Structure formats: C-alpha cells, structure tokens
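> Below are the sequence and a predicted model for it; my questions follow.
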Number of protein chains: 2
Amino acid sequence: MNPTFFKRRLAAIEQIPQLFYLLKWLFLAAIVGIMAGSASAFFLVSLEWVTNFRENNTWIIAFLPLGGLAIGLLYHYFGSDVVKGNNQLLEEFHSPKKVIPFKMAPLVLFGTIATHLFGGSAGREGTAVQMGGAIADQLTHVFKFKARDRKILIMIGISAGFASVFGTPLAGAVFALEVLIVGRMRYDAILPSFLTAVIADYTCHAWNVGHTVYSIPVVPEISPDGFLWAILAGIIFGLAAMLFSNATHYFTSVFKNVIAYPPLRPVVGGVFIAGAVWLIGTTKYIGLGVPVIVSAFSQDLPFYDFLAKTLFTAFTLGAGFKGGEVTPLFYIGATLGNALAGFIPLPVALLAGMGFVAVFAGASNTPIACTLMGIELFGAESGVFIAIACVVAYLFSGHSGIYGSQVIGSPKH
Amino acid sequence: MNPTFFKRRLAAIEQIPQLFYLLKWLFLAAIVGIMAGSASAFFLVSLEWVTNFRENNTWIIAFLPLGGLAIGLLYHYFGSDVVKGNNQLLEEFHSPKKVIPFKMAPLVLFGTIATHLFGGSAGREGTAVQMGGAIADQLTHVFKFKARDRKILIMIGISAGFASVFGTPLAGAVFALEVLIVGRMRYDAILPSFLTAVIADYTCHAWNVGHTVYSIPVVPEISPDGFLWAILAGIIFGLAAMLFSNATHYFTSVFKNVIAYPPLRPVVGGVFIAGAVWLIGTTKYIGLGVPVIVSAFSQDLPFYDFLAKTLFTAFTLGAGFKGGEVTPLFYIGATLGNALAGFIPLPVALLAGMGFVAVFAGASNTPIACTLMGIELFGAESGVFIAIACVVAYLFSGHSGIYGSQVIGSPKH
C-alpha cells in the first residue's frame, strides 16, 4: 500500500466533520434565513405602502426636510455606531472589532421607510443587507463563535438580505462571497451562503411577498456585431457606474465639509430635493423608481433620465438619508440602456436588462453575482449579453466603487 | 479641492490603459477563440463519426489493445513532454517553465479519437482544453509576453476549449477562473476569459456543429422538503465524485506500478476493457455515452449504471487512453440522479440534471462554473436545485479531485 493511497483513505474520513459542518450551518442558515427573509418581507410591504401613499399624497414631499431631521437626529444620538451601514459590515469582516449592534436593523429600516415616504431617492439592498447582517451577528452573542465563524455569519447575513429583497437567491449567495474583496472570490462560506440565500428567499415568498417581473421578450443570437455592441454598451455602463460612485462620494464629502452638525445635513438636502421635485414637476426621479425601470424595457424614455437619477440619488444618500444604492443603479442602468437603443442595434429590452445589472456590477464590483442576477430575473437566453456587459462594466468602473471599505484583492487589468 | 477628490480625478484616467487592455485581449481572444473553437468543431465532428462507426461495427472493439498500443507508443516516443495533459496546463500556470509544446494538440486529438473509435470509455473536455491551451500558448512565441500575460493566455485556452466543446460559454469562462485553485476565484483574467469563451463557442456554432439538448421539463417550486432532498442528493453526488477521482488515481497507480513500459499499459487495459464489453454484451458503458445520458432524463435505468461507468472510465484513463473525464462524469451523475429518483421525491429529469453537473462540480472543484453550466444547459428554472447540488457536492467530494495539480487556496470547511 503506497503512502498516497493511504493518505487518500484518511481523506475519506473528511466527510464526517463535513457532515457536522453542514448540519451546523444548515441550522444557522435556517435561523438567519427565516429572520432576515421575514424582515425583508416586512420591509418590502412597508416600502410598497409608503410609496403608494407618497404618490397619492405628493404634498408629503414638502416635509422631506423634516423627515430628514428625524433621521439625522436619530442616527446622531442613537445610531452613531451603526451609521456606516454596508461599509461597517465590510470593515467588521476585514478587521473584526465588536458585534454589529442589533439596532442597526430597526434604525436602517425606519430611516429607509422615512426616506421613501417623504420622497428621497434611494434603494433597498443596503437596508436588507444591514438588517440581515445585524440579525445574523446577534448569534455571536448566543453561541461562542470563533473569528472565522463570525465572518461567515456576516456573509450569510448579507446573502440573506440580498437574496430575499430582490428574489434572486443565487445572486444573493454569490454577492456575499464577491462583495468583500474586489477581484477575488473565496469559497470558505460558499455552502452557508447558498443555504441561507435559498431559505431567506423562500421565507420572503412564504409571506406572500413577491417581486417585480421584468422581461426581455426577444434575445438575438450572438453575432460578431452584437458581441462588439455588447462590449461598447458594457464600457458605457461601467463609466455610468463610476459616475454614480464618484457623485455619491462627492456629495457625501461636500455635505460633511459644509455642514458640521450631522442632523442638519438631511434637512438641507431635503430642502433641495423637495424644491427640485416641485421645480421639475415630476416624482419620477425619487423613491425606488420601479415603474420607470419597468417602462425602460419597452417604452421610449428621455435620454437624460439616468443622469437625473444619478444626481437625485447621490444627493439623497450624500445628505444622509437611508436606503441602498442598488435599485437606483438598476434604474440608471435600465434607462441608460434604453437611451443606448437609439444608436446600438440591439433590442431595447435587452439593452435595458444589460444596463440594469451591469451598472450595478460596475459600481459594486460583483460581476458574477450580477450575471447570475440577470439570468435569474430575465432568463438564461440573455446570459451571454448580460455577462459581457457585467464583466466589461466591472473593468471600466475604476477601482473605487460604492463600497469604500472593499479591499482590493487583485487589480482589474 | 480635497486630496480624495483629486485622487479620484486621477483614477478616471484608468480608463485609457483599460481600453488598450480591452483591445489587446479582444484581439488575442479572437485568435485563440477562432482557432480553439474550430479545433473543437473538428473534434466534435470526428467524435461523432468514430462513435457511429464503432456502434455500427462493434468488431472494432476487439482491436482496442492495438489502438492502445498506438497511443502508448506515440506518447512514449513523441509525447513524453505533453503526457500530463490537463495537469500540465495547471502546473505551467502555477510555476511557468516552458511554453506548452504545440504537439499537445494533435496528439491528444489523435489519442482521443483512437480511444473512442476502438471503444475506450472517456470524455472530451480534457482534449478540448488541452487543444485550447496548447494553441493559446503558441502566441507566447509570436508576442513577447510577460509571465502574467502568459498565465492569462493559458486560462483563455482552457476557457475556449471548454466553452466550445460543451456549447456553454459562461461555464467555460468561469471554469478557467475556478479550476486552477480550489476554493478561490481570481478575476485577473475575467475579461479575457469571457471574451474568448464567447468567441470560441460562436466559432464552433459557425461551423454548424451543435450540441446535444437536454431538458428538464418540470421543475417544482423550492420547498423545505425539496431543499433538504436536494442537499441529500448533493452529498451523494459529492461522494460519487470522490469515488471517481479515487478510482482514476487508483487505476493509474496500479498500471504504473505493475507495468513498467508505458506503451504496454493501454494494451493490457484494452484487453480487459474489450473483454468486459464482450462479456457483458453491451457497449453502453464505453465511449462518451451520450445516448445513456439523454435517456437518464426520462427513462428508468439500472441503478448500477453509474458504478459501471466509473469503473470503465477510471480503468480506461488509468491505462493511458486519452480523452477527458467530464462527459463520463455527466454520465455518472445523470444515471446516479436517475437512480436516486427511486427514493428521492423529485422529478427524475431534475435529479438527472442535478447529478449531471454536480458530480462534475465535486470532481473538478468548480461549483460556480457547474451551476452556470446547469443553467445554460437546462434553463434558469432549475437554478436553485442545481446550485445546491453543486455546492454540496463540492463540499463532500474531498480535497483531492480529478486534477492532481490543483492548488488548494482555501479549505472547503
């Protein structure tokens, strides 16, 4: 019996600890998935309610500065240790210091709902991910986890939040593996992440909370022309992602430099946003903007929609309102794709769908998660176009991105 | 103007070198993709021809030992520096020594076609990947590449071969990123890999060479039951993958230890395989076995098919015949899934499809590529079941796998 063979026989016993590992993480995934999925369901229902209320009572937008004040005061006096949001999860992952306070979850939930009720322009993935991360990390108090397990816990919180809020379990699972380090994906947490994503998504559906359906009715066969056009579109989506990241960082630093007292920032920001809405006479650039995203798949939209949404969102988030960046990024990508249909000879729905995920891929540096998301939302037929757009946008969006606390694992080129 | 803002302005200029990077790799991807895609097309057509010839003239299987002798002599006297095949590509990637000799391509092509003509049990991805890698690396002679570019060149060769031989561009692109290191995916080559995969797949189709269509007609909604059954199936697929890897390594070392003169190994191996075929009176366990794979999606098959195919393939490859492991792994997974339908209450086509990609995911340690492959082959509807099966199989297949030269980047649990 040679030593290699013997080594292999020993390796066979690997399966026993692996079974324990599986059962342990299945148990934890069930807890985190059910709780984060339920939180997402509640959040989505609340969002729908406040969005409908706002659209039927647009006078409420005049109170955006007041809503901003409430959010600002709350975070300043009760939430200064959770104000960094998504970046805080990333930092805690890279250099663990203390358990994410549970209050991150209710604060971001309240802040986001208030932001949307009064007419800020923001998303929802940040909220879902922060709720998921904060919920998951509480298990650290219950069980005595080592550093490595705590990292996995934070990742499955991210995975659960993302998967359930968008109804895309595979994208959520891969997003959590991909978002922490630019240019590298580690598989330590691959099993816990997938288990939790599936359970969280299932839980959200079990509460009878569904997700918007987008469709790309016609996808052409890939051809040399179509391939080159997809690359060009990817470049433009990448630049739009960079513009968004830089605009958000820019407005954040302007607000910080100009207004010293944090609770005042969303007040001033709210005055500008409410004024702008009143001036241009439309609410299409505030809130989540889901109706505009849907119409980008079929109707002709003004080419500047993506720019307006970039401004409104960067300004809203820079001022200290709460919510995510991702649904606005979907909006920016879909409307930009819609605009590109003017000179790129691909179907408008396909371009909208490519932009939808590719701008997000560029801004968050998660090309594989976004490719999977495109496939989950639009079907496998558009997979190649989606992948090309996401990968090229990832390359052309620069190294900064919306999450300042991402660590760069390998350069993009 | 604060320094961060200035830094960002500088970063914007990143896009200029990125454009050059894009154009450079688009050019190289086109060369490698067109050549490797054409090679795959020629290979697939040849395979079909020899498979049909063999099935209509089964007397030729009696000459398997002679075919083995030809392959053995050829590799011993002309191919000793390319005999390590896929592992050689991985080793050259991890510690570059010299350009992969071009003769790797024609030798593995001839060896595989002879193996299939005379009735060995083997696959085709090894062949396509080796042809792709050898073709791509020749560009190192033409251009003066630095070590980093050469690594990317080897990766796009793998990507091109895999994508075109299976008609799955996304899986091919990710496979090349995933296969080199267990438990880690690096994005250095993400753009070149995707570009080359799409071009290679397009080229193969442009030669009018298609791929077998598999279908999973009914996919149930995910439920707690279905989820747990999918995990159990994944465990079994992972163990089957480990069995295959260990059997292949085992027969390889037995042949090496018992028969000192390499050209004799396939002769002796051929005698046993031809004898076994004659004894059991069926050719269903030799060749690629595509008809059996197709029938695993709809018909009742003997439960031991997967075991027989494992034995036949491990024996064939251990003896020194040529070809890949992947199509046999599809066969093993699909027939094992078919057998599991006896006690796992999921549709037989879904279990066959899950096994198809999951056993391969476990044996090659590429769970994300295999998930994408499942989606490309069977559609997005089965994505969650496919992903769970692939990820769990990856965990339970042990750390060895079919590619001995994979480097372990992070442990599986």
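On my side now, so go ahead.
> Return the distance of the helix or strand residue A:157 falls within from the chain's centre.
Using DSSP states H and E, residue A:157 sits within helix A:147-166. Centre-to-centre, helix A:147-166 and its host chain are 13 Å apart (C-alpha atoms, centre = their mean, to the nearest Å).
> repeat for stretch A:186-196
18 Å.
> what about the strands in chain A?
Secondary structure of chain A (DSSP state E): strands at A:181-182, A:184-186, A:407-408.
> before we move on, back to that, helices or strands up against the helix holding residue A:157?
helix A:15-56, helix A:86-94, helix A:125-137, helix A:139-142, helix A:169-178, helix A:190-206 (3 or more C-beta pairs under 8 Å, 6 or more residues apart in numbering or on different chains; DSSP states H and E). Any C-beta I mention is one placed from the backbone N, CA and C, and that applies to glycine too.
> mind running it again at 6 Å?
helix A:15-56, helix A:86-94, helix A:125-137, helix A:169-178, helix A:190-206 (3 or more C-beta pairs under 6 Å, 6 or more residues apart in numbering or on different chains; DSSP states H and E).
> how distant is the longest one from the center of its chain?
By that I understand helix A:15-56. In this view, helix A:15-56 has its centroid 15 Å away from the chain centroid, taken as C-alpha atoms, centre = their mean.
> can you check the third one too?
Here helix A:125-137 shows a centroid-to-chain-centroid distance of 11 Å under the convention C-alpha atoms, centre = their mean.
> same deal with the last one?
Computed by C-alpha atoms, centre = their mean, the chain-centroid distance of helix A:190-206 equals 16 Å.
> residues in contact with whatever residue of the stretch 1-150 of chain A ends up closest to chain B?
With C-beta to the nearest C-beta as the measure, residue A:21 is the residue of the stretch 1-150 of chain A nearest to chain B, at 4.2 Å. Residue A:21 sits next to residue B:413 when contact means C-beta atoms under 6 Å, 6 or more residues apart in numbering or on different chains.
> Mind pulling up the pLDDT for it?
Looking at residue A:21, its pLDDT reads 92.
> Let me see the mean pLDDT of stretch A:344-358.
For stretch A:344-358, the mean pLDDT works out to 98.
> Mind checking if it is in reach of chain B?
No. Judged by C-beta under 6 Å from any C-beta of the partner chain, stretch A:344-358 and chain B are separated, with a smallest distance of 12.6 Å.
> since we're on the nearest residue to residue A:277 once chain neighbours are set aside, how many residues are nearby?
In this structure, residue A:277 finds its nearest non-sequential neighbour in residue A:61, 5.5 Å apart by C-beta to C-beta, 6 or more residues apart in numbering or on different chains. Look at residue A:61: counted by other C-beta atoms under 10 Å in any protein chain shown, it has 22 neighbours.
> which residues touch residue A:61?
By C-beta under 6 Å, 6+ apart, the neighbours of residue A:61 are A:119, A:274, A:277.
> Dump those to CSV, plus neighbour count, distance to residue A:185 and pLDDT.
Formatted as CSV, these follow (neighbours: other C-beta atoms under 10 Å in any protein chain shown; distance: C-beta to C-beta, whole Å; pLDDT from 0 to 100):
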residue, neighbour count, distance to residue A:185, pLDDT
A:119, 28, 38, 93
A:274, 23, 42, 95
A:277, 21, 41, 95
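> Include distance to residue A:143 when you put those into TSV, please.
Shown next, in TSV, are those (distance: C-beta to C-beta, whole Å):
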residue	distance to residue A:143
A:119	42
A:274	47
A:277	48
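> tell me which parts of the stretch 101-250 of chain A are close to chain B?
The stretch 101-250 of chain A has residues A:169-170, A:183-188, A:190-191, A:194, A:198, A:202, A:222, A:246 near chain B, with proximity defined as C-beta under 6 Å from any C-beta.
> run the last query once more with 8 Å
A:169-170, A:173-174, A:182-188, A:190-191, A:194-195, A:198-199, A:202, A:222-224, A:227, A:231, A:235, A:239, A:242, A:246, A:249-250 (C-beta under 8 Å from any C-beta of the partner chain).
> Out of the residues you listed, which end up buried?
A:169-170, A:173-174, A:182-188, A:190-191, A:194-195, A:198-199, A:202, A:222, A:227, A:231, A:235, A:239, A:242, A:246, A:249-250 (16 or more other C-beta atoms under 10 Å in any protein chain shown).
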